[in-house]
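K.L.:
model this:
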Amino acid sequence: MKKISSFIPKHLAKKSLLIGKFESYINQNFPKEIISEINVINISGSTLILGCKKSSFATLMRFEKDKYIHILKKNDFLDIDDIKIIVNT
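P.N.:
So this is what the prediction gives:
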């Protein structure tokens, strides 16, 4: 009998690893007060999709988006050009 993991497409496994890398990168490089309020939802091309727990915090993140893009550009595994911020419901 085959393991379930043998049925998972390789591109999904790679994307999952990439999301994990960004979670770790954000935990190490973003301000501490932000880390507990956000999580990486997805990566689409060169856009990182972040989820926020509160809508007020998401609004603040949108206004300071360029600051966080600058931090994310310093990673060495994927070039990020934009951040999309959504509210987790």
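K.L.:
Report the beta-bridge partners for the spatially most central residue of the chain.
P.N.:
Centroid-nearest residue in the chain, with Cα atoms, centre = their mean: Val40, separated by 3.1 Å. Beta-bridge pairing for Val40 (DSSP bridges): Leu50.
K.L.:
Test my guess that it contacts Ile49.
P.N.:
Yes: applying Cβ atoms under 8 Å as the test, Val40 and Ile49 come out as touching, 7.4 Å apart. (C-beta placed from N, C-alpha, C; glycine too.)
K.L.:
Show me the shaky parts of the protein.
P.N.:
1-13 (pLDDT under 70).
K.L.:
80 instead?
P.N.:
For the chain, applying pLDDT under 80 flags the ranges 1-13, 89.
K.L.:
And the strands in it?
P.N.:
Using DSSP state E, the strands of the chain run over 38-44, 47-52, 82-87.
K.L.:
Of those, flag the one that's most buried.
P.N.:
Neighbour counts (mean count of other Cβ atoms under 10 Å) averaged over each of the strands of the chain peak at strand 47-52, with a mean of 19.
K.L.:
That one versus strand 82-87: what angle between them?
P.N.:
20 degrees (axes from the mean of the first three to the mean of the last three Cα atoms, to 10 degrees).
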